[in-house]
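>>> For reference, the sequence and a predicted model appear below.
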Amino acid sequence: MVIVVLEDTGERIIPKEMKPTNGMLLEHIARYYFATPYANGRVLDIACGTGYGSVMVAKTCKSDVIEIVGVDVAEDSIAYAKKNYYHPKVSFRTGDALNPELVTEIGVFDTILSFETIEHVPDDQEFMQRLNQLLKPGGTLVLSTPFGQGRSKPSGSPFHYHQLTENEFRSLFISFEKVEYYYQRGVTIEPKREDIFYPLGVVVCKKRN
């Protein structure tokens, strides 16, 4: 028997070790369910963590998805995913989203899911360039991130380089088309309503052909 011990990052989602009512768990699950109507073809789940979301999407979208590749920089997370989450259309591998050679290693995708990732990288614009390389022309990107004080400013989280303002977030997608912005509070993901505080932004957009 292989026992995988995961290093505690303070933000890691491990559903099998969390109460079903855990707010962070429910928020993450809500984002994956939100993304299911957009998942098709080859799907990349970048920063897939422990892998539960990749398998969730594969099960929900089994008639639309050809393959899902879950990639995470943490080797222990990928080891855990391989041991605990199996689906015939899902594979997991270690990889760095900022690695310019990643596209030659895993190819390009029809859909990319990137949830709560961009705040963990030092250069969000470089991160977007890498996603653009990995996404096929006409492909769909679904991305979420928490809002904060802005680029290069303290975020209040020891695990985040920074948290973008809403305007900074929106500026990342000017080169895409059919851009739709949504906002998350708890498990609710909806178009923006006035006079409501939304801690997270979600975007669905397509790469230009």
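Good, I have the coordinates.

>>> This structure: helices as residue ranges?
Under the criterion DSSP state H, the chain contains helices at 23-35, 52-60, 75-84, 102-106, 124-134, 166-171.

>>> and those helices, which is most packed in?
Counting by mean count of other CB atoms under 10 Å, helix 52-60 has the highest mean neighbour count of the helices of the chain, with a mean of 22. (Glycine included, C-beta is placed from N, CA and C.)

>>> Now do that helix: which elements does it pack against?
Where contact means 3 or more CB pairs under 8 Å, 6 or more residues apart in numbering; DSSP states H and E, helix 52-60 is packed against helix 23-35, strand 41-46, strand 65-72, strand 90-94, strand 109-115.

>>> Show me the strands paired with the shortest one, marking each as parallel or antiparallel.
What it means is strand 90-94. Pairing partners of strand 90-94, with direction, according to DSSP bridges: strand 65-72 (parallel).

>>> Just give me how far the partner strand sits from the chain centre.
12 Å (CA atoms, centre = their mean, to the nearest Å).

>>> Compute the inter-axis angle for it and strand 41-46.
Relative orientation of strand 65-72 versus strand 41-46 (axes from the mean of the first three to the mean of the last three CA atoms, to 10 degrees): 10 degrees.

>>> Name the surrounding residues that touch strand 65-72.
39-49, 51, 53-54, 57-58, 78, 81, 87, 89-95, 97, 102, 106, 109 (CB atoms under 8 Å, 6 or more residues apart in numbering).

>>> mind redoing it with 6 Å?
Applying CB atoms under 6 Å, 6 or more residues apart in numbering, the contact partners of strand 65-72 are 39, 41-49, 51, 54, 58, 78, 89-93, 95, 106.

>>> Can you point out the buried residues in it?
Val65, Glu67, Ile68, Val69, Gly70, Val71, Asp72 (16 or more other CB atoms under 10 Å).

>>> Ok, stretch 136-149 next?
Buried, per 16+ other CB under 10 Å, within stretch 136-149: Lys136, Gly139, Thr140, Leu141, Val142, Leu143, Ser144, Thr145, Pro146, Phe147, Gly148.
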